[in-house]
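*Asks:* predicted model and sequence follow; I will ask about them next.
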Amino acid sequence: MAPCGSSWLANEGSKHLCLLFWLSLSVWLFWKTFLLYYHGPQYYYLHQMLG
C-alpha cells in the first residue's frame, strides 16, 4: 500500500527540502568560486601556471 502524500510531506518533506537547499547552496558556491578563479584578472598568472 502506497503512503499518503500528505503524511510523506509531514514526515520526510522537511528532510528532503533541507537536503535540496544544502545541495543548491553548495553548487551555487562552487560555481561562483569557479567563475571567480577562471575569469578573475587577479588570478590570470595562476591560471596560466596551472593550466
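*Replies:* Happy to help now that I have it.
*Asks:* regarding this protein, what is its longest helix?
*Replies:* Counting residues, the longest helix in the chain under DSSP state H turns out to be helix 14-39.
*Asks:* packing partners of whatever helix or strand comes next after that helix?
*Replies:* In the C-terminal direction, the helix or strand that comes right after helix 14-39 (DSSP states H and E) is helix 44-50. Packed against helix 44-50, as judged by 3 or more Cβ pairs under 8 Å, 6 or more residues apart in numbering; DSSP states H and E, are the following elements: helix 14-39. C-beta here means a position set from N, CA and C on the backbone, and glycine is covered the same way.
*Asks:* low-confidence ranges, the chain, go.
*Replies:* 1-3 (pLDDT under 70).
*Asks:* what residue is smack in the middle of the chain?
*Replies:* In the chain, the C-alpha nearest the mean C-alpha coordinate belongs to residue 27, at 2.4 Å (Cα atoms, centre = their mean).
*Asks:* list the residues that contact that one.
*Replies:* Remark: with contacts taken as Cβ atoms under 8 Å, 6 or more residues apart in numbering, residue 27 is in contact with nothing.
*Asks:* against residue 42, how distant is it?
*Replies:* Separation of residue 27 from residue 42 (Cβ to Cβ, to the nearest Å): 24 Å.
*Asks:* same question for residue 9.
*Replies:* 47 Å.
*Asks:* higher neighbour count, the two?
*Replies:* Taking other Cβ atoms under 10 Å, residue 9 and residue 42 do not tie; residue 9 has more neighbours (12 against 8).
*Asks:* quick one: the more buried one from residue 33, how far?
*Replies:* 34 Å.
*Asks:* next one: residue 18
*Replies:* Applying Cβ to Cβ to residue 18 and residue 33 gives a distance of 22 Å.
*Asks:* and for residue 26?
*Replies:* In terms of Cβ to Cβ, residue 26 sits 11 Å off from residue 33.
*Asks:* and for residue 17?
*Replies:* From residue 17 over to residue 33 (counting by Cβ to Cβ), the distance is 25 Å.
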